[in-house]
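**Q** One predicted model, sequence on top.
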Amino acid sequence: MTFSFCPDGTWSTGVKVDKDGKGLLKLWKKQLQQLNRITQPVAMAIAQAYPTPQLLQRAYRHCTTEWEKQNLLSEVKVQAGGKRVDRRVGPDISRRLYIFMTSENADIVLDKSG
């Protein structure tokens, strides 16, 4: 059975996770890419800095101010084409991911741009 809202392609397929945890990093990167404007290179950069959601949550808890939490990922460098370029995750994606990871409000709007 197919659904019109399910995109075709390899990025939309599931991720196999073995009992030993193999595949978890790939799953984390795919989860990150579910948020608007988090591309594969951005997801890879975030996952390289914080290889698990638990490590990212721990980093948020170690921040002392709300500003620090919202901007935790903003300076993470993003690679494009296998080389580091002068590109970073940026404050908008950092803020949206922080809200996504910490909010208990299921109805919160993450992307105010439309």
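**A** Structure received.
**Q** Find the residue ranges of the chain scoring beneath the pLDDT cut-off.
**A** 1-13, 82-85, 112-114 (pLDDT under 70).
**Q** how about the strands in it?
**A** 77-80, 83-88 (DSSP state E).
**Q** right, so of the ones you listed, which gets closest to residue 20?
**A** strand 77-80 (27.6 Å; Cβ to Cβ). Where C-beta positions appear, they are placed from N, C-alpha and C, glycine not excepted.
**Q** still on that earlier bit, including distance to residue 52, could the strands of the chain go into TSV?
**A** Below are the strands of the chain laid out as TSV (distance: least, Cβ to Cβ, whole Å):
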stretch	distance to residue 52
strand 77-80	19
strand 83-88	21
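**Q** and the ones you listed, which is most packed in?
**A** Each of the strands of the chain was assessed for mean neighbour count using mean count of other Cβ atoms under 10 Å. The highest is strand 77-80, with a mean of 15.
**Q** Sounds good, over and out.
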